[in-house]
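Novice: The following comprises the amino acid sequence and a computationally predicted model.
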Amino acid sequence: MKKISYLLFSLSLLSALISNAQTKKTIAVPAKAFPSEVARPKLVVGLVVDQMRWDYLYRFYNRYTNGGFKRLVNEGFSVENTFIPYTPTYTACGHTCIYTGSVPAVHGIVGNDWYDPETKKSVYCTDDSTVTTVGSSPSPEGNMSPKNMLTNTITDELRLATNFKGKVIGISLKDRGSILPAGHAANAAYWYQGSTGNWITSTYYMKEVPSWIADYNKLKLANKFYAKNWETVYPLNTYVNSTADEKAYEGKSSTFPHKLTQNIDKNFDAIRGTPYGNTITLDLAKLAILSEDLGKDNITDFLAVSCSSTDYVGHAYGPNSIEAEDTYLRLDKDIEAFFNYLDKQVGKGNYTVFLTADHGAAHVPGFMKENNLPAGVVSDRDIASKLNTFLNDKFKANNIVVKSMNNQIIFDHDKIDKVSVSFDVIKAASVEFLRHLDGFQNAVDISKISQATLQEIQKKMITNGYYPRRSGDIYYVLEPNWFNGSSTGTTHGNWNPYDSHIPLVFMGWGIKPGATNTMHYMTDIAPTLAALLHIQTPNGTVGEPITEITNK
């Protein structure tokens, strides 16, 4: 017992001595210095180039200046294999997807237009009869808002994250190119009114335009560019990446120089189809930065810009035209001037910019055939007419096809209810009929797409583009380089890589130089920006952050 007591006493004494020794040796460690605030850029600029195929980054690379596309590719991080994950690949869907991180099946913008079965009318993506024009006389061109977009955007999330102190402004010749990216909570969205040459907005955003917009409108800058006509920026014979100047499959007046003086004070809308439309868009973007003090404090602002003239020129003349090449060479110079302005006004290293596209474009079928490559065109009106004739002959169902649009067949369900056969039988017969039309690769009953014999990528893209109340009943897939359009110029809308492979380059604050060939998607842009800004992703996001781009 004495031995045990002695042992316990010894252990207790030893413990006290150790504790005392440790107390004497304790050294105060200074607290770690954490950042006092979350690091963010002063300004984010989203630059969407309408109808820019991914290969345009490199097709004209040797003729670009060092400050435009070359600067992006070499100072920034290029996500080389970025694809659109849905179909149809149209402007409204693309701009919405970029900024929502979502797909039409969730955000609801299934096309530039769609058919409403309740009203039995076509709906334009940004139509809003409850608002009116601001910045010009009342006009349908101003009755626009983002109300048809069902989810919010990365720009909305920035507004929420900054308690609405961070400014958001959208600018584009097209209403859908400014309204949808700017989101629901934007400070402003401005678009071009072709009938007057004014930049306008709607009562959704404000009661009157700010003085800097009003003053800019008075200049009627379109006239200044019309007076120059459209000459090639370099000697015509040096455009070796293009076809000859005059081709029957290009749009009207496809010979340089393009005379524009006849439009002065008469046709302000004509500037859309020239490279000067991009110039005035980026000039207005500069003026917005200056006038609204964007990027001037520590609260991040967002400027969403879409250059639309590339789309108008592309539709008219096609990817292989001198007009398209000259438009990109001029845009390159405009982007260089824009970046230089950002460097001066916001400060190099204080802003983050990303450049991408809403979709690509197919080669003109005439050009393809000229070079022994398969291609062709179909007509929505012709498709609907032929299918109606077939169904009337087979089932005595008179004009039950409302229309063909967005690569879909839309039926009149009220009329179908009066037909003696089931809708499933009608759809099955229609699918089989469409599969035998020239230029058609396949057709599928969308309600049974999981059972369809389609490539998985096609099945996924059709599913991602389907929103029940705004989509059709049958989806058809055309042969490669066949599209819905005319014999001149080009268009887009299909699942194929020429329409769905888009450029995506980040540059500036928080971005390391480099590139990746890993597959990414348009839906990844918004969550990448959310991660970069340390804010919440938009509420319909299905994409994932592109982690390769950051310095961290």
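Specialist: On my side now, so go ahead.
Novice: what about the closest residue to residue 81 other than its chain neighbours, which SS state?
Specialist: For residue 81, the nearest residue in space outside its immediate sequence neighbours is residue 519; the separation is 5.0 Å by CB to CB, 6 or more residues apart in numbering. All C-beta spots, glycine's among them, are computed from the backbone N, C-alpha and C. Look at residue 519: counting by DSSP: H, G, I helix; E, B strand; the rest coil, its state is strand.
Novice: Next one, pLDDT for residue 519 please.
Specialist: At residue 519, the model reports a pLDDT of 97.
Novice: ok, it - how many residues close by?
Specialist: Number of residues near residue 519 (other CB atoms under 10 Å) recorded here: 11.
Novice: unless I'm mixing things up, residue 110 is touching residue 467, no?
Specialist: Yes: counting by CB atoms under 8 Å, residue 110 does reach residue 467; the two are 5.1 Å apart.
Novice: Who has more neighbours out of these two?
Specialist: Neighbour count, other CB under 10 Å: between residue 110 and residue 467, residue 110 has more, with 30 against 18.
Novice: Got the phi and psi for residue 457?
Specialist: Backbone geometry at residue 457, expressed as degrees, to the nearest 10, gives phi -60, psi -40.
Novice: Quick one: end-to-end length of stretch 127-145, please.
Specialist: Stretch 127-145 has an end-to-end distance of 7 Å (CA to CA, to the nearest Å).
Novice: what separates the residue nearest to residue 272 when sequence neighbours are not counted from residue 324, distance-wise?
Specialist: Take residue 272 and drop its neighbours on the chain: the residue closest to it by CB to CB, 6+ apart is residue 312, 4.7 Å away. Distance of residue 312 to residue 324, computed by CB to CB, to the nearest Å: 11 Å.
Novice: How about residue 375?
Specialist: 17 Å.
Novice: Neighbour count for those two, which is higher?
Specialist: Neighbours per residue, other CB under 10 Å: of residue 375 and residue 324, the larger number sits with residue 324, 29 against 21.
Novice: any idea which element that one lies in?
Specialist: For residue 324, the element it lies in under DSSP states H and E is helix 322-342.
Novice: If we go by neighbour counts, what in that helix is buried?
Specialist: 322-339, 341-342 (16 or more other CB atoms under 10 Å).
Novice: Equivalent analysis for stretch 118-128, please.
Specialist: 124, 125, 126, 127, 128.
Novice: Then stretch 94-114?
Specialist: Residues of stretch 94-114 classed as buried by neighbour count (16+ other CB under 10 Å): 94-112, 114.
Novice: Same check on stretch 254-266?
Specialist: Judged by neighbour count (16+ other CB under 10 Å), stretch 254-266 contains these buried residues: 254, 256, 258, 260, 263.
Novice: Surely residue 53 touches residue 357?
Specialist: Yes: Residue 53 lies in contact with residue 357 (CB under 8 Å); the separation is 7.5 Å.
Novice: who's more crowded, the two?
Specialist: Ranked by neighbour count (other CB under 10 Å), residue 53 and residue 357 place residue 357 first, with 29 against 25.
Novice: domain assignment for this structure?
Specialist: Listed domain ranges for the chain are 51-366+494-549, 376-480 (source: automatic domain parsing).
Novice: Skipping its backbone neighbours, what lies nearest residue 83 in space?
Specialist: In this structure, residue 83 finds its nearest non-sequential neighbour in residue 500, 5.1 Å apart by CB to CB, 6+ apart.
Novice: Next: residue 207.
Specialist: Counting by CB to CB, 6+ apart, the residue nearest residue 207 is residue 134, at 6.8 Å.
Novice: bridging residues for that neighbour?
Specialist: Under the criterion DSSP bridges, residue 134 forms beta bridges with residue 201.
Novice: Make 8 the starting number, not 1.
Specialist: Noted, 8 is the first residue going forward, which turns the last one into residue 141.
Novice: Can you get me a residue count around it?
Specialist: By other CB under 10 Å, the residues close to residue 141 number 20.
Novice: Do I have it right that it meets residue 149?
Specialist: Yes: using CB under 8 Å, residue 141 is in contact with residue 149, at 6.6 Å.
Novice: residues bridging contact with these two, i.e. touching both?
Specialist: Jointly contacting residue 141 and residue 149 under the rule CB atoms under 8 Å, 6 or more residues apart in numbering are 207, 208, 209.
Novice: Please tell me which one of these counts the most neighbours.
Specialist: residue 208 (28 neighbours).
Novice: contacting residues for that one?
Specialist: Residue 208 makes contact with 141, 142, 149, 195, 196, 197, 198, 216 under the criterion CB under 8 Å, 6+ apart.
Novice: redo that, cut-off 7 Å
Specialist: Residue 208 makes contact with 141, 142, 195, 196, 197, 216 under the criterion CB atoms under 7 Å, 6 or more residues apart in numbering.
Novice: Surely the second one is in contact with residue 209?
Specialist: So the one you mean is residue 142. No: assessed by CB atoms under 7 Å, residue 142 is found out of contact with residue 209, at 8.9 Å.
Novice: what would the buried residues of stretch 125-135 look like in a markdown table with distance to residue 402 and pLDDT?
Specialist: Shown next, in a markdown table, are the buried residues of stretch 125-135 (distance: CB to CB, whole Å; pLDDT from 0 to 100):
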| residue | distance to residue 402 | pLDDT |
| --- | --- | --- |
| 131 | 33 | 98 |
| 132 | 34 | 98 |
| 133 | 38 | 98 |
| 134 | 35 | 97 |
| 135 | 39 | 97 |
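Novice: Narrow those residues to those in strands?
Specialist: In strands, defined here by DSSP state E, the members of those are residue 131.
Novice: Farthest pair within the buried residues of stretch 125-135?
Specialist: Within the buried residues of stretch 125-135, two members stand farthest from each other by CB to CB: 132 and 135, at 10.4 Å.
Novice: Over to residue 197: give its phi and psi.
Specialist: Torsion angles at residue 197 (phi, psi; degrees, to the nearest 10) stand at phi -120, psi 140.
Novice: Spit out the contact partners of it.
Specialist: 178, 185, 206, 207, 208, 220.
Novice: hmm, back to that, how far does the helix holding residue 331 sit from its chain's centre?
Specialist: Helix 329-349 sits 19 Å away from the centroid of its parent chain (CA atoms, centre = their mean, to the nearest Å).
Novice: Show me what that helix is packed against.
Specialist: With contacts taken as 3 or more CB pairs under 7 Å, 6 or more residues apart in numbering; DSSP states H and E, helix 329-349 sits against helix 76-82, helix 283-298, helix 316-324.
Novice: Output the shortest one as PDB, nothing but the C-alphas.
Specialist: Okay, so that is helix 76-82. Written as PDB, here are the backbone C-alpha positions of helix 76-82 (Å, rounded to 0.1, in the frame of the first residue of the first chain):
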ATOM      1  CA  PHE A  76      -7.600  38.300 -80.800                       C
ATOM      2  CA  LYS A  77      -3.900  37.500 -80.600                       C
ATOM      3  CA  ARG A  78      -3.700  39.200 -77.200                       C
ATOM      4  CA  LEU A  79      -6.600  37.200 -75.900                       C
ATOM      5  CA  VAL A  80      -5.100  33.900 -77.100                       C
ATOM      6  CA  ASN A  81      -1.600  34.600 -75.800                       C
ATOM      7  CA  GLU A  82      -2.200  36.600 -72.600                       C
END
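Novice: Show me which residues of that helix are buried.
Specialist: The neighbour-count check on helix 76-82 (16+ other CB under 10 Å) flags 76, 77, 78, 79, 80, 82 as buried.
Novice: and what of stretch 517-527?
Specialist: Here stretch 517-527 shows 517, 518, 522, 523, 527 as buried, counting by 16+ other CB under 10 Å.
Novice: Need the residues that contact that stretch.
Specialist: Here stretch 517-527 has contacts from 48, 81-90, 359, 539, 553, 555-558, using CB under 7 Å, 6+ apart.
Novice: Kindly recompute the last result at 10 Å.
Specialist: 46-48, 80-90, 92, 356, 359-361, 511-514, 535, 538-540, 550-559 (CB atoms under 10 Å, 6 or more residues apart in numbering).
Novice: No more questions from me, cheers.
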